[in-house]
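[1] prediction below, plus the sequence it came from.
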Amino acid sequence: MEPGNRFLDWHQLRAHFENFVQGTQERVGDGVHAHGATWHANAVFFRVGVLAYNLFVGFRRDLLPDSSQSWSLRTVRWKLLSIAGKIVRHARTIVLKLAVDDGSLEFLSRIRGQCQELFGSA
């Protein structure tokens, strides 16, 4: 193989890796790094983001229904973590009151049941 072709192959592999890193940063929400942070601090921050993304992929695969398998991390955060609710004490128990419709409540109950089945706790 000619040296020029080897360089082009290497450069294309590097471009593919840079696209992979950029796409991963966008999926993890890691597009902005701390100002003034060292390269090593940013590398650690990126690795933590990749671990969080891998946990999310496992959560989506094992606990979300088939209709939700195409959801991105942002969609799951929007649909599951932005639900209005409050924690109240009632009849000597702690209750979480959610402001959702019946369909969303059934969806959340199904996820909770699968968590109980997988981890053996509430």
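    Alright, I've got the coordinates. Residues are numbered from 1 along each chain as shown.
[2] look up how far F119 lies from S82.
    S82 sits 24 Å away from F119, going by CB to CB, to the nearest Å. In this view, the C-beta of every residue, glycine as well, is placed from N, C-alpha and C.
[3] now A52
    Going from A52 to F119 by CB to CB gives 18 Å.
[4] with neighbour numbers in mind, choose between those two.
    Ranked by neighbour count (other CB atoms under 10 Å), A52 and F119 place A52 first, with 14 against 9.
[5] quick one: mean pLDDT for the host helix or strand of I87?
    If you go by DSSP states H and E, I87 is part of strand 85-90. Strand 85-90 shows a mean pLDDT of 91.
[6] to the chain's geometric centre, what's the distance from the helix or strand following it?
    Moving toward the C-terminus from strand 85-90, the next helix or strand (DSSP H and E) is strand 93-98. Its chain's C-alpha centre and that of strand 93-98 lie 26 Å apart, by CA atoms, centre = their mean, to the nearest Å.
[7] appreciated, that's everything.
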